[in-house]
Every structure is written in C-alpha cells, then in structure tokens.
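J.: Show me how the following folds:
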Amino acid sequence: MLGTHTEPQRPRIALLILALGAAWACGRGGSASKAGEPAQESHDNVIFAGGIAPRAVTIAPVNPYAGDAKSAQAGGQLFASMNCDGCHSNGGEGSWAPSIITGRWRFGGTDPAIFRTIYFGRSQGMPAFGGILAPELVWKLVTYIKTLPVPKAVPTQGW
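T.: Okay, the predicted model is just below:
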C-alpha cells in the first residue's frame with residue numbers, strides 16, 4: 001500500500017542528514033587573513049579520511065609535478081577515484097564544496113596552499129587525505145586542479 005512502507009525512505013533520510021551536515025560544515029567561517037596570505041586554520045575539528053591522521057611533512061615551496069601532463073592526468077584519475085568530484089563536482093565547479101576553478105581560494109591558491117588543504121584538511125568540511133595519500137599523490141592532485149580551466153563567467157557569490 002502506498003505511504004505505509006517506510007523502508008525505502010531510510011537511505012533518503014540518511015542522505016539528507018549527511019547533506020545538511022556537509023552544508024553546515026561548509027558554511028562555517030574560517031579565520032581572517034591578510035590580503036594574499038592563506039588563512040591560518042586550526043586542525044582540531046578536521047575529519048581524517050580513512051580515520052588516519054596525516055603524518056607531519058614539510059611542504060615544498062614548489063610543486064615538483066607542475067606542468068607535467070602525465071602527473072596532471074594521474075591527478076585527474078585520482079580526483080575521480082577518491083570521489084573528490086562528489087563534493088567539488090565533475091570539472092571542479094563545486095556543489096557541496098566550493099568551486100576549485102574560479103580562482104577564488106579561501107585558504108590560498110598557490111600550489112603549497114592547495115597541498116596543505118588536501119593533505120591536512122580544513123575544519124569547514126574538507127577531510128585530511130594525508131593519512132591515506134602519499135605527498136607525491138597529493139602533489140599530482142594539485143597539478144590536476146591547476147589544469148582545470150577557469151570559466152568565462154564566474155559567479156559573484158563566493159564561498
């Protein structure tokens with residue numbers, strides 16, 4: 001009978017709860033920063049991908065794979081396989097998470113700043129992937145992200 005069986009509704013309710021949690025996490029503000037400097041962020045409330053905290057690393061000042069087409073391609077495959085497009089959408093235009101193609105970066109858009117965000121995560125909902133991805137793979141993700149074209153029309157709304 002219609003309306004009496006609620007079992008199929010459980011996955012929808014779970015997804016709704018997850019979506020609301022992600023939207024809430026993305027909407028929380030970060031620390032203010034000076035122009036041109038990434039915001040300083042506490043990593044106390046970061047989710048560790050796979051439940052594994054990232055090891056301490058020294059972030060190189062230059063991406064060792066910058067401009068390397070094979071590394072960008074490998075980073076693109078990793079972007080898809082790690083479900084980055086689940087939050088940032090296919091092509092990086094953003095959905096639950098901010099766009100990564102507009103050139104607007106809350107925590108800095110330099111290669112080392114993007115590496116830091118992926119590797120150590122952010123308390124606004126970006127998981128720390130450094131516990132499950134080697135630094136070399138994170139750099140390949142950065143290389144891929146930097147190859148994504150900026151759209152001709154960038155919305156005025158910022159994250």
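
J.: hey, where'd the strands end up in this structure?
T.: Using DSSP state E, no strands are found in the chain.

J.: ok, Q73 to I114 distance?
T.: 18 Å (CB to CB, to the nearest Å). Backbone N, C-alpha and C define where each C-beta goes, glycine included.

J.: These two: which is more packed in?
T.: I114 (23 against 14; other CB atoms under 10 Å).

J.: Tell me where this protein is predicted with low confidence.
T.: Low-confidence segments of the chain, defined by pLDDT under 70: 1-44, 154-159.

J.: The residue nearest to P112 when sequence neighbours are not counted: neighbour count?
T.: Spatial nearest neighbour of P112, excluding adjacent residues (CB to CB, 6 or more residues apart in numbering): I59 at 4.9 Å. A total of 14 residues lie near I59 under the criterion other CB under 10 Å.

J.: Name all residues that make contact with I59.
T.: Residues in contact with I59 (CB atoms under 8 Å, 6 or more residues apart in numbering) are P112, F115, R116, Y119.

J.: again with P151
T.: E93, I101, T102.

J.: Is it correct that T117 is in contact with G109?
T.: No: with contacts counted by CB atoms under 8 Å, T117 stays clear of G109, the gap being 9.9 Å.

J.: Neighbour count for these two, which is higher?
T.: Legend: neighbour count by other CB under 10 Å for T117 and G109, higher for T117 (23 against 16).

J.: Return the distance of the more buried one relative to G130.
T.: T117 is 10 Å from G130, by CB to CB.

J.: Kindly report the same for I145.
T.: Where G130 is concerned, I145 sits at a distance of 16 Å (CB to CB).

J.: neighbour-wise, which of these two wins?
T.: Set I145 next to G130 and count neighbours by other CB under 10 Å: G130 wins out with 24 against 21.

J.: Right, I'll call it a day here.
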